[in-house]
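1. only geometry, no sequence info:
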């Protein structure tokens, strides 16, 4: 083990794992584009154009779920404000797209976005400077969530706010941002948010090729994020993170800086969430304050819980499955979607505490009864008994 | 003492449930809830006489002319039949003949009639004279008089609306300048002498807006006769306001002196108007001082208003958060469905209202709220107990999972209510005794519903504190929350206590919902509006401390309202949230942190 490089450890450990990951990558990276662009429009195998950004959206949500899993599943920090980092990344990208519109807006102002002209603003607020450059926007997509996470996390972790208290104040954070972004004076389009985007880096956002490119970009981002998370988890730092999750005071007494460890995970997670938001906005075509609503952030937690927290693969699976179900159900039976989502929350927490991945694990263990109770699992079971 | 019959009844219930004290105390809680409602009811009783008095005055005022009418109807008849239209002279001897005399040929006779009428203590005089003054009084061909009100003609004597009148058949009752002067004076005096104090105040205030040369004299005369202190105050104020325009410096100074104690923004306006035209330095100086004094007084009143609104908001937050303080504070359960319990309580109130409307006579409609409180408590407590037994009890010790599953429950409850009642807002009306309010100085009104909610909220808090402190259910609850294994060893059925505690917290959320239904509409996402704030209140105040919740709710409410004028409603709320986030960094356990063993778990 120790002689393998971190990268090697981040890759799937078994041949079966390799095959699964490759098959999934193949499905998303090759089959979807081919069915969309390669097959004629009249063919029954043709994938309609609206499906591509839809799957792209799910992939962005998967990155978001992955980000939350890193802090919740590995560091024990359940943030109910991750929607805020996602939305901030989205707004940063939206600001770039807004400035790209230029004179093609309704009011044809070369500098000011439409909503500012509408509000009778005379000049661009200072915080909009620089967003006409893509590199600057791309930087801000990561820097803004990172700074917020660093400042918020520093104060929260330093004062040893843990567990539900942290969840509640992260919820308050995203709620405060929700209220703030609803205001017109903030200069982010108020209630309507940012929309009517035209092009990205000169490519028309409505073109099929651009949509496919964005979709592939999301897929690549997801793959890189997964690889990065697995690398982090495989290092010694990752071990300390898990130790913090399992017994925070003990780690502190051993001389580790719990604050620094948590802060690292929280900031990295926020950056991933920001990137997810930035990829989400051009595919969806709008970003508005409702992305900040606390309900959205809690929904992320259920994707992670459904897939199985602390597994990295699980949350991706959870995000894809729950969102696909949401799209289908809210179109086919709009009344039932909230019942299903609510029931999912209850059933998963009651019956599947380790999510779908935990279920796979159980099935595998049942096949190999000898390996059923590793010392590690026995200890966990013992501890749970004590809690109850 | 009140426990006597309650415990006897409770004992039966207790045997039935197999575990005495818990069930008994639950009954007590219902009693407390009813008591809590009785408190606002007495408040209302204190306010009622005022309204009743006003209504009574109206009635007596209405009745007097009615009685007169029966007497004068005969007079009208004789007047109509006995006198030809061109009769040279009518000697006015009662209202009807006085009115008829207004259409005399000579202005002297008309003026005499006006003077005669002004001496009658009859409310209809004002109506007729006003019509005459505004050229709305007409004579019909048979000599009887009618006045036009809007597009309707009414008999000048009886006030009855008349149909089938052709405007071409009417002739104007003419008025000349001399007569109009007299008429104005008489009218001003008449309204000032109206038997209704409210009308007199109105007249005095109207004169301040549009003074005539005779106003000062009229007012002085009326003031000399006036006994009602409120009317006297209004008249004195108007006189002083008129004196501000007096050419005599001493008068102006005296008037300013009199007005400087006012709390009326209007008076400040008049003083500032005076300042813009005044040249005399002494007057200027004292007017400036008086205006400043009023401004600072208005500021203080503004602070009082903010304080009241803050306490009102705080009491709503408190009411919404008390239940959470029980489930989160005492049991450590993060109940994200708490807001939906509030919503269910509000819908219970709505259903009770609809049931009263449909099945009971309108006379008892006002009592629906008294029924809604225990109904809402029962409904939400049962839902809470059911949730605890089926979901939450499997998740003790796993707060994050509890959070997620209760969130799921909240989604289901929301959608359930949406499916049953529809997504639209439903209106729950205030009962009569909660509508309106009490007006205070500075043009500011304390509305009854806000006041009642403040009292109700404190009654609920007091009742809960008493329940926790003095009842054996409270004792067992505290024992279980402090040391579960030990409590269990002492023979307390911890599972049962858990269920009832959760039911209690949910039930209180339900009655909070009834209160919230009184200040706004009821909608399926009512709970979502309050949930974040509820958690803020509980965490800010200190988990597990009822008094912390009280302090947290009131200080957050007041802080929000004080920030609003400077920062606007939304920014104020954001600032409060930011403040709480910062505060929790400093004191992670809130304002009133539990100390000792309990705090460690």
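-> Looks like it arrived, so ask away. Everything quoted here is computed from the prediction, not taken from an experiment.

2. leaving out chain neighbours, which residue sits closest to the residue in the stretch 301-450 of chain B positioned nearest to chain A?
-> When distances are taken as C-beta to the nearest C-beta, the stretch 301-450 of chain B reaches nearest to chain A at residue B:408, 2.5 Å away. Backbone N, C-alpha and C define where each C-beta goes, glycine included. What sits nearest to residue B:408 in space, not counting adjacent residues and going by C-beta to C-beta, 6 or more residues apart in numbering or on different chains, is residue A:345, at 2.5 Å.

3. list the buried residues in the host helix or strand of that neighbour.
-> Following DSSP states H and E, one finds residue A:345 within helix A:337-351. If you call a residue buried by 16 or more other C-beta atoms under 10 Å in any protein chain shown, then helix A:337-351 has these buried ones: A:337, A:338, A:339, A:340, A:341, A:342, A:344, A:345, A:346, A:348, A:349, A:350.

4. quickly note the distance from the last one to residue A:256.
-> Distance of residue A:350 to residue A:256, given as C-beta to C-beta, to the nearest Å: 34 Å.

5. low-confidence stretches in chain A?
-> Counting by pLDDT under 70, chain A shows low-confidence ranges at A:1-13, A:15, A:40-41, A:369-388.

6. what does chain B give?
-> Chain B contains residues with pLDDT under 70 at B:1-90, B:121, B:123, B:189, B:193-195, B:206-215, B:439-444, B:593-601.

7. give me the buried positions along the helix or strand that contains residue A:277.
-> Secondary structure from DSSP H and E places residue A:277 in helix A:258-284. By 16+ other C-beta under 10 Å, the buried positions in helix A:258-284 come out as A:258-259, A:261-284.

8. about what we covered before: hmm, the residue of the stretch 301-450 of chain B closest to chain A is touching residue A:341, no?
-> Yes - judged on C-beta atoms under 8 Å, residue B:408 makes contact with residue A:341 at a distance of 7.1 Å.

9. what sits in contact with each of these two?
-> Taking C-beta atoms under 8 Å, 6 or more residues apart in numbering or on different chains as the contact rule, residue B:408 and residue A:341 both touch residue A:302.

10. which residues does residue A:30 contact?
-> Applying C-beta under 8 Å, 6+ apart, we find residue A:30 in contact with no residue.

11. what's the answer for residue B:342, then?
-> With contact taken as C-beta under 8 Å, 6+ apart, residue B:342 is in contact with B:320, B:323, B:509, B:510, B:512, B:513, B:516, B:526, B:527, B:530.

12. which secondary structure element contains the residue nearest to it when sequence neighbours are not counted?
-> What sits nearest to residue B:342 in space, not counting adjacent residues and going by C-beta to C-beta, 6+ apart, is residue B:513, at 4.2 Å. In this structure, residue B:513 sits in helix B:494-517 according to DSSP H and E.

13. does anything pack onto that helix? Which helices or strands?
-> helix B:20-82, helix B:281-324, helix B:338-359, helix B:368-390, helix B:448-470, helix B:472-482, helix B:484-489, helix B:526-541 (3 or more C-beta pairs under 8 Å, 6 or more residues apart in numbering or on different chains; DSSP states H and E).

14. and the fifth one, which residues are buried?
-> Right, helix B:448-470. For helix B:448-470, the buried set under the neighbour-count rule, 16+ other C-beta under 10 Å, comprises B:448-461, B:463-464, B:467-468.

15. ditto for the third one
-> Buried residues in helix B:338-359, counted by 16+ other C-beta under 10 Å: B:338-353, B:356.

16. same question, the shortest one
-> The neighbour-count check on helix B:484-489 (16+ other C-beta under 10 Å) flags B:484, B:487 as buried.

17. what are the contacting residues of it?
-> Outside helix B:484-489, the residues that reach it (C-beta under 8 Å, 6+ apart) are B:476, B:479, B:480, B:494, B:497.

18. and the fourth one, by the same measure?
-> Residues from elsewhere that reach helix B:368-390, judged by C-beta under 8 Å, 6+ apart: B:29-30, B:33-34, B:36-37, B:41, B:337, B:341, B:344-346, B:348-349, B:351-353, B:356, B:406, B:409, B:413, B:431, B:434, B:498-500, B:502-511, B:513-514, B:518.

19. restricted to buried residues, select those in ChimeraX.
-> Those of those that meet the burial criterion (16+ other C-beta under 10 Å) are gathered into one ChimeraX selection, given here:
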select /B:29,30,33,36,37,337,341,344,345,346,348,349,351,352,353,356,406,409,413,431,434,498,499,500,502,503,504,505,506,507,508,509,510,511,513,514,518
